[in-house]
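# sequence? don't have it. structure:
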Ligand SMILES: [Ca+2]
Ligand SMILES: [Ca+2]
Ligand SMILES: [Ca+2]
């Protein structure tokens, strides 16, 4: 698979701990092979938080694939129960960092901070791990204080990243994230904002 060797570290480790009930029954649904493409992304002149929220919501209720980055919008996980942490399972969905990369319209070139629209059926993971995002690696990505983080900014740990869908009054957030094989991609109430293992991360250059 394209890029797969480089993406083995692109993990959301939380998925590994919690996905022990997964079975091999769905191994090789061939979702990527049967549904995804490698089309060039469309450069766009800007990025907005509203627009990226819409893009992120398409992935809601779809699958999770370690090192993945391709999904449809039928609101079901087309590749459930694959063995975890195996990029060769080729299933539907992003992983946490691949999902963020795509929603943030980033370039595979880490020195390019421009905006690139990737269709949901375009398989791409991008060059960043959760830890890379946490460290602000890559021209588009910057760290910021968690108190400053707003919708479509992210919270990242060394093993996971999720974007803010909505900030709650009690200090938690509604986070949209590719959670893990057993969970897929969805919105959950999370306490990352108050968790010292998570840092604030922002894609730079939002026009609104
Ligand atoms: Ca969906
Ligand atoms: Ca689906
Ligand atoms: Ca899966």
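That came in fine, so what should we check first? Note that the coordinates shown come from a computational prediction; the quantities given were computed from them, not determined experimentally. Ligands and ions are numbered 1, 2, ... in the order given.

# Now do the lengthiest helix in the chain: distance to the chain's middle.
Longest helix in the chain by number of residues (criterion: DSSP state H): helix 49-58. In terms of Cα atoms, centre = their mean, to the nearest Å, the gap separating the centre of helix 49-58 from the centre of its chain is 13 Å.

# again, but for stretch 152-167
Relative to its parent chain, stretch 152-167 has a centroid offset of 9 Å by Cα atoms, centre = their mean.

# quick one: the strands in this structure?
Using DSSP state E, the strands of the chain run over residues 42-44, 69-70, 93-94, 115-117, 141-144, 154-156, 161-167, 173-180, 184-190, 199-203.

# In contact with residue 134, which residues are there?
With contacts defined as Cβ atoms under 8 Å, 6 or more residues apart in numbering, residue 134 is in contact with 143, 156-158, 161, 198-199, 201. Where you see a C-beta, it was placed from the backbone N, CA and C, and this is true even at glycine.

# That one and residue 200, how far apart?
9 Å (Cβ to Cβ, to the nearest Å).

# From what I see, residue 41 and residue 120 are in contact.
No: taking contacts as Cβ atoms under 8 Å, residue 41 lies outside contact range of residue 120: 11.9 Å.

# just the strands of the chain: most buried one?
Using mean count of other Cβ atoms under 10 Å, the stretch among these with the largest mean neighbour count is strand 93-94, at a mean of 31.

# hmm, who's touching it?
Everything outside strand 93-94 that qualifies as a contact, by Cβ under 8 Å, 6+ apart, is 59, 62-65, 68-71, 77, 79, 99-102, 125, 178, 184-185.

# Of these, which ones also sit close to ligand 2?
Contacts with ligand 2 within the contacts of strand 93-94, as defined by Cβ under 5 Å from the ion: residue 62.

# Generate a PyMOL selection restricted to the buried entries among the contacts of strand 93-94.
To isolate the buried members of the contacts of strand 93-94 in PyMOL, using 16 or more other Cβ atoms under 10 Å:
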select buried, resi 59+62+63+64+65+68+69+70+71+77+79+99+100+101+102+125+178+184+185
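
# now the helices for the protein?
Secondary structure of the chain, counting by DSSP H: helices at 13-18, 31-35, 49-58, 96-103, 130-134.

# Out of the strands of the chain, which is closest to ligand 1?
With Cβ to the ion as the measure, strand 184-190 is the member of the strands of the chain nearest ligand 1 (7.9 Å).

# which strands and helices sit next to that closest one?
Counting contacts by 3 or more Cβ pairs under 8 Å, 6 or more residues apart in numbering; DSSP states H and E, strand 184-190 packs against strand 93-94, strand 173-180.
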